[in-house]
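>>> Based on what follows, work out the 3D shape:
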Amino acid sequence: MTTELPINGQSASFEFNPRYRCVRNMCHVVTATKALIFVFIFFWALVITSRLPVSLTYGIFFTLVAVSTIFALKHERHGLLWPFTVYSAIFFALTLVTSVVFICLAFAFGQDIFDFFETEEIVGNTTAAPPTHERAMSGSSFFFLAAFIETVVIICTVFCYWQMIVVYRCKEYFEEKHLANMPIVVDDPQSISSAALQYALANGYDQPPPVYSDAPQPTAMDEQHKY
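Predicted coordinates for the structure are as follows:
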């Protein structure tokens with residue numbers, strides 16, 4: 001004897017779950033992931049056409065990420081979003097480490113570097129003018145350049161973190177949608193009645209899903225004979 005517990009995704013509240021919304025609840029994570037993979041392909045197309053030194057390993061990895069993500073978005077296969085999720089996590093880690101190292105170096109050696117650019121190097125007699133060597137950059141210019149680079153790195157870090165979260169939640173959305181439309185087969189209908197109710201309440205269903213079984217179902221007459 002088997003029992004099927006169909007979980008109809010049409011009434012599931014996860015379709016409107018704020019967890020699967022982004023950009024201040026204006027965009028769905030699936031739409032955002034499509035935009036992100038487009039930006040990903042466009043960026044690496046520029047890298048390849050610019051003839052920048054990109055190894056064969058990187059090219060294979062980026063091709064795998066693009067192809068698997070496009071296939072996952074087209075067929076709603078949550079497992080194929082793992083390469084894009086891993087790629088986002090790797091770049092988030094790299095930009096985070098770069099940002100932290102840059103800040104530590106600025107605190108440790110910022111004053112020395114600033115003094116180095118501010119100090120004029122005069123060769124020969126100090127009364128002789130003008131100096132024979134001139135700095136290519138002043139201390140203030142170096143400070144603003146370093147601040148600009150650090151700002152760019154921080155923005156990239158925040159973007160990579162946001163991208164990682166969006167892609168991972170898109171994977172969760174496809175996974176939950178797949179489970180919501182897949183019946184659960186069990187052996188004993190009576191043993192899952194409370195579990196079905198708890199699942200329905202926990203996942204925001206309007207009412208507990210009905211239980212279907214190949215066993216004879218009690219009729220109204222049977223219910224009256226019970227009392």
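>>> Tabulate the CA atom coordinates of stretch 165-180 in CSV.
This file holds the C-alpha atoms of stretch 165-180, laid out as CSV (Å, rounded to 0.1, in the frame of the first residue of the first chain):
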residue,chain,number,x,y,z
ILE,A,165,23.2,35.7,-2.0
VAL,A,166,21.0,36.2,-5.0
VAL,A,167,22.3,33.2,-6.9
TYR,A,168,22.1,31.0,-3.8
ARG,A,169,18.5,32.0,-3.2
CYS,A,170,17.6,31.4,-6.8
LYS,A,171,18.9,27.9,-6.3
GLU,A,172,16.8,27.6,-3.2
TYR,A,173,13.8,28.9,-5.1
PHE,A,174,14.1,26.3,-7.9
GLU,A,175,14.7,23.5,-5.3
GLU,A,176,11.6,24.5,-3.3
LYS,A,177,9.5,24.9,-6.4
HIS,A,178,10.6,21.4,-7.5
LEU,A,179,9.7,19.9,-4.1
ALA,A,180,6.4,21.7,-4.0
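>>> For that stretch, could you pull out the residues that count as buried?
Neighbour counts using 16 or more other C-beta atoms under 10 Å place 165-174, 176-177, 180 of stretch 165-180 among the buried residues. Just so you know, the C-beta spots here come from the backbone N, C-alpha and C atoms, and that holds for glycine as well.
>>> Next secondary structure after the host helix or strand of residue 87?
Residue 87 is located in helix 82-118, with elements delineated by DSSP states H and E. Following helix 82-118 in sequence order, the next helix or strand is helix 139-180 (DSSP H and E).
>>> Show me what that following helix is packed up against.
Judged by 3 or more C-beta pairs under 8 Å, 6 or more residues apart in numbering; DSSP states H and E, helix 139-180 is in contact with strand 21-22, helix 29-49, helix 82-118.
>>> Export the ones you listed as CSV, with columns for mean neighbour count.
Listed next are the helices and strands packed on helix 139-180 as CSV, based on neighbours: other C-beta atoms under 10 Å:
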stretch, mean neighbour count
strand 21-22, 18
helix 29-49, 15
helix 82-118, 15
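>>> among the ones you listed, which is nearest residue 74?
helix 29-49 (10.0 Å; C-beta to C-beta).
>>> Pull the residues that contact whatever helix or strand comes next after the closest one.
Going down the chain from helix 29-49, the next helix or strand is helix 56-75, by DSSP H and E. With contacts defined as C-beta atoms under 8 Å, 6 or more residues apart in numbering, helix 56-75 is touched by 30, 33-34, 37, 40-41, 44, 48, 77-84, 87, 171, 174.
>>> which of the residues in helix 56-75 are buried?
So for helix 56-75, counting by 16+ other C-beta under 10 Å, buried means 62, 65-66, 68-70, 72-73.
>>> returning to that earlier point: between helix 56-75 and the helix holding residue 87, find me the angle.
130 degrees (axes from the mean of the first three to the mean of the last three C-alpha atoms, to 10 degrees).
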